[in-house]
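Peer 1: Please work out how this folds:
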Amino acid sequence: MMLGMAGSGKTTLTYSYAKWLKDNDFNIAIVNLDPGVERLPYVPDFDIRSMFTIKDVMIKYNLGSNGALIKSMELIEENLNQILSMKPFINDEDYDLILIDTPGQMEVFVFRPIGPRISLKLKSKDSVIGVYIVDGELVKNIHDVVMAWFMGLLLRLRLEIPVIPVLNKSDVAGSKRV
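Peer 2: Prediction:
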């Protein structure tokens, strides 16, 4: 599961990692769980937008964008058994890896019931690892590093899965390193 704050590069890293895996003869599937994304650089094997989008939820429930994102996570939770009975989840043995691109706002996924529930369901079938993507532009001093480390630890505790922190965008973060 690709996890991270909005704009940290989850979707781009999912695309790049998937391309690398495919180039190295891995059989992979990609899952998009972000109902708010408008364009993806990859073709997902399962796309939550086939069920609903943020715009659909905004209109149907008369909500703003943040309320619609929260409602979307509730809808994913309500339909989780149906989602996990679809390809690629139902045929997960056909894949070496399934990459799950989570919603742009990590807090609505992780700190609401949906994130832990998904990780629990997936763990009952196979191994699950979280990749916590830290935006390199936001790590400017030791306090930022400690905060990122604590967030990774919090993700591990909340989702009850191993979490690997990844510093992304280091090429644009500047030459000063902490």
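Peer 1: Please tell me how far the residue nearest the centre of the chain sits from residue 169.
Peer 2: When C-alpha atoms, centre = their mean is applied to the chain, the residue found nearest the centroid is residue 102 (2.1 Å). Separation of residue 102 from residue 169 (C-beta to C-beta, to the nearest Å): 18 Å. For the C-beta atoms, the positions are set from N, CA and C on the backbone; glycine is no exception.
Peer 1: Let's see the lowest-mean-pLDDT helix or strand in the chain as CSV, backbone CA atoms only.
Peer 2: Sorting the helices and strands of the chain by mean pLDDT, DSSP states H and E puts helix 106-110 at the bottom, at a mean of 85. Extracted C-alpha coordinates of helix 106-110, given in CSV (Å, rounded to 0.1, in the frame of the first residue of the first chain):
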residue,chain,number,x,y,z
MET,A,106,-3.7,10.1,3.9
GLU,A,107,-5.7,11.1,7.0
VAL,A,108,-9.1,10.1,5.6
PHE,A,109,-7.7,6.7,4.7
VAL,A,110,-5.5,5.9,7.7
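Peer 1: Could you give the number of residues near residue 133?
Peer 2: Neighbours of residue 133 under the rule other C-beta atoms under 10 Å: 25.
Peer 1: now residue 49
Peer 2: With neighbours defined by other C-beta under 10 Å, the count for residue 49 comes to 19.
Peer 1: again, but for residue 107
Peer 2: 13.
Peer 1: any weak-confidence spans in this structure?
Peer 2: For the chain, applying pLDDT under 70 flags the ranges 170-178.
Peer 1: rewinding a little: got the CA coordinates for the helix or strand following the least confident helix or strand of the chain in PDB?
Peer 2: Stepping forward along the backbone from helix 106-110, the first helix or strand reached (DSSP states H and E) is helix 114-123. In PDB, the C-alpha atoms belonging to helix 114-123 read as follows (Å, rounded to 0.1, in the frame of the first residue of the first chain):
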ATOM      1  CA  ILE A 114     -11.300   2.100   6.200                       C
ATOM      2  CA  GLY A 115      -7.500   1.900   6.300                       C
ATOM      3  CA  PRO A 116      -7.200  -0.500   9.200                       C
ATOM      4  CA  ARG A 117     -10.100  -2.600   7.900                       C
ATOM      5  CA  ILE A 118      -8.500  -2.900   4.400                       C
ATOM      6  CA  SER A 119      -5.100  -3.900   5.900                       C
ATOM      7  CA  LEU A 120      -6.800  -6.400   8.200                       C
ATOM      8  CA  LYS A 121      -8.700  -8.000   5.300                       C
ATOM      9  CA  LEU A 122      -5.600  -8.100   3.000                       C
ATOM     10  CA  LYS A 123      -3.400  -9.500   5.800                       C
END
